[in-house]
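Chemist: Below are the sequence and a predicted model for it; my questions follow.
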Amino acid sequence: MTLFLLISGTFEVTEVNLDDIRRQLTDLNYKADKMRIVTVEAMDDEMLESSTKAEGECFYNSYMNVIYGRGERYVLGYRCEEKVIDHAIIRKGDKYYDPTLQVEGNFTSYQYAILTEFTVFDMMTHAKSNKDFPPDIAYLLKKANKFKNVIDTDKLNKK
């Protein structure tokens with residue numbers, strides 16, 4: 001299945017095949033059918049300007065943006081591209097944003113597979129047990145038993 005996005009009143013075909021994305025996530029020991037896929041949108045200029053947006057530092061940027069209230073949730077998951085890419089973004093209200101990619105310019109909305117979302121308190125608690133680093137995919141896999149809803153621990157333990 002190819003995904004169609006409605007952008008500015010016209011359909012734009014993305015190169016994202018959701019069946020392929022789910023297959024890749026399953027191969028990575030996730031319960032792909034339990035993961036939500038959302039659209040990451042562009043922030044308005046004012047919101048982007050006030051955001052932490054160090055180049056190539058999505059985990060740090062998302063962490064700092066949630067700490068300083070520029071986002072309500074730290075969102076960990078995968079950018080849905082030809083090959084999925086682990087990535088962190090933020091959620092504010094019911095919208096998802098990626099200041100790290102947007103600041104690079106020529107930002108286009110894209111699909112994102114959510115593993116988990118952290119409130120500021122949960123994010124900081126997990127960072128404390130991760131040597132003060134924001135939670136990332138490696139951290140989640142180390143704590144797989146706490147994230148059984150999206151991590152296939154049976155499959156992971158067989159490796």
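Modeler: Perfect, thanks for sending it.
Chemist: C-alpha from now on. contacts and neighbour counts both.
Modeler: Fine.
Chemist: Ile89 in helix, strand or coil?
Modeler: Recorded secondary structure, Ile89: strand (DSSP: H, G, I helix; E, B strand; the rest coil).
Chemist: Could you do Asn65 as well?
Modeler: Asn65 - assigned by three-state DSSP - is helix.
Chemist: ok, Asn17 - how many residues close by?
Modeler: The number of residues packed near Asn17 is 14, by other C-alpha atoms under 10 Å.
Chemist: how near is it to Glu82?
Modeler: 8 Å (C-alpha to C-alpha, to the nearest Å).
Chemist: and the end-to-end length of stretch 69-86?
Modeler: Using C-alpha to C-alpha, the gap from the first to the last residue of stretch 69-86 comes to 23 Å.
Chemist: how much space is there between Ala42 and Thr108?
Modeler: Where Thr108 is concerned, Ala42 sits at a distance of 7 Å (C-alpha to C-alpha).
Chemist: just Asn145 next, same as before
Modeler: Using C-alpha to C-alpha, which is the criterion applied here, Asn145 is 35 Å from Thr108.
Chemist: Between Ala42 and Thr108, which has more neighbouring residues?
Modeler: In this comparison of Ala42 against Thr108, neighbours counted by other C-alpha under 10 Å, the higher total goes to Ala42 at 20 against 11.
Chemist: OK, contacts around Asn149?
Modeler: For Asn149, the set of contacting residues under the criterion of C-alpha atoms under 8 Å, 6 or more residues apart in numbering consists of Lys31, Lys34.
Chemist: So it versus Tyr74, what's the distance?
Modeler: 18 Å.
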